[in-house]
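>>> from the sequence below, what's the structure:
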Amino acid sequence: MLGQYLLRIIVAAVVGTIIGIRTDSAASRMFAIVCTGATLLTIVSTEFYKVVDYPWFGDPGRLSAQILVALGFLGTGLIWVSEKQEIQGLSLAASLWLTAILGIVIGSGQGITSLVILIMLVMGYLIFTLNIKLK
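Below you'll find the predicted structure:
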């Protein structure tokens, strides 16, 4: 059981790092921390109700749902209008929000789903970065 949780946390750290690689080193660490934190909080929120054996007192997903609210608040601070009147930080905020969702998916034990999503994200990033046109 502990091994499963440790594996999920390690996978989340790797996934967060992979998503954050396109940014500078500080932001890359931020992605790894957000993904790992979301995974850890999801594990705690789902396993807490199993330990206390009172599943009817609350919703195990309620704590995990607050991750998205917190990242929405954090993401707002990452978006600004530059001196050239261009919107900056929007993709960084969206990427951070998506990384938190991936952390929740990993923490809930959906490893294959998170792997498929990660592959799709990396492929999409490569397609748009290398200006490859889909036909």
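>>> spatially nearest residue to Y5 (excluding sequence neighbours)?
I43 (5.5 Å; CB to CB, 6 or more residues apart in numbering). Heads up, the C-betas are built off the backbone N, CA and C, glycines and all.
>>> let me know the secondary structure of that neighbour.
Recorded secondary structure, I43: helix (DSSP: H, G, I helix; E, B strand; the rest coil).
>>> how far away is it from A65?
Counting by CB to CB, to the nearest Å, the gap from I43 to A65 is 15 Å.
>>> neighbour count winner among those two?
Higher neighbour count among I43 and A65: I43, with 20 against 12, using other CB atoms under 10 Å.
>>> is it true that the more buried one touches G103?
No. In this structure, I43 is not within contact of G103 by CB atoms under 8 Å, at 10.1 Å.
>>> name the residues contacting each of these two.
Overlap of the contact sets of I43 and G103 (by CB atoms under 8 Å, 6 or more residues apart in numbering) is empty.
>>> ranges for the strands of this structure?
80-81, 87-88 (DSSP state E).
>>> burial count for the closest residue to V44 other than its chain neighbours?
Nearest residue to V44, sequence neighbours excluded (CB to CB, 6+ apart): L63, at 7.2 Å. When neighbours are defined as other CB under 10 Å, L63 has 16 of them.
>>> ok, L63 touching E47?
No. Look at L63 against E47 with CB under 8 Å: they stay out of range, at 10.9 Å.
>>> got the contact list for R62?
Contact analysis of R62 by CB under 8 Å, 6+ apart lists S45.
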